[in-house]
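[1] Fold the following, please.
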Amino acid sequence: MTTVSVTNFRKNIFSLLSETISHNAPLHVITKEGSAVVLSEEDYNALQETLYISSVPGLRDTIVEAMDTPIEDCINEKLVVQVGQKTKHQAKIKMVYLTRLGFGLELAA
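    Next comes the predicted model:
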């Protein structure tokens, strides 16, 4: 993680933000009052998603179980028909998470 003073951050804000976004590298900014961390939107969204998945009872176990599912037993996410708001939301999170990890998708019945 790159660390800069708030003065250098102000002087180089465009290049520092560009680097943070393109490399998904957090930026540590130090001020007299304390410090702040600047994240790319992609990293922030991934962090929020991870926190949400961790907060849903049983979802983590379902994801770990799905990761062990052979690819040939999985359904292409484009073929998934989602019913009901809860099912739709859970299926979406599971699809996004498994897709990011490069694994197939298994839907709970």
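[2] Could you use CA atoms for every contact and neighbour count after this?
    OK.
[3] Enumerate every residue touching T2.
    The contact partners of T2, taken as C-alpha atoms under 8 Å, 6 or more residues apart in numbering, are A25, P26, L27, H28.
[4] one more time with 7 Å, if that's ok
    Neighbouring residues of T2 by C-alpha atoms under 7 Å, 6 or more residues apart in numbering: L27, H28.
[5] need the helices for this protein, in chain order.
    6-11, 13-23, 41-55, 59-67, 85-101 (DSSP state H).
[6] Those: which one's closest to C74?
    Comparison of these against C74 by C-alpha to C-alpha identifies helix 59-67 as nearest, at 8.9 Å.
[7] What residues sit buried inside that closest one?
    Buried positions in helix 59-67, judged by neighbour count with 16 or more other C-alpha atoms under 10 Å: L59, I63, A66, M67.
[8] Walk me through the domains of this protein.
    2-39, 42-101 (automatic domain parsing).
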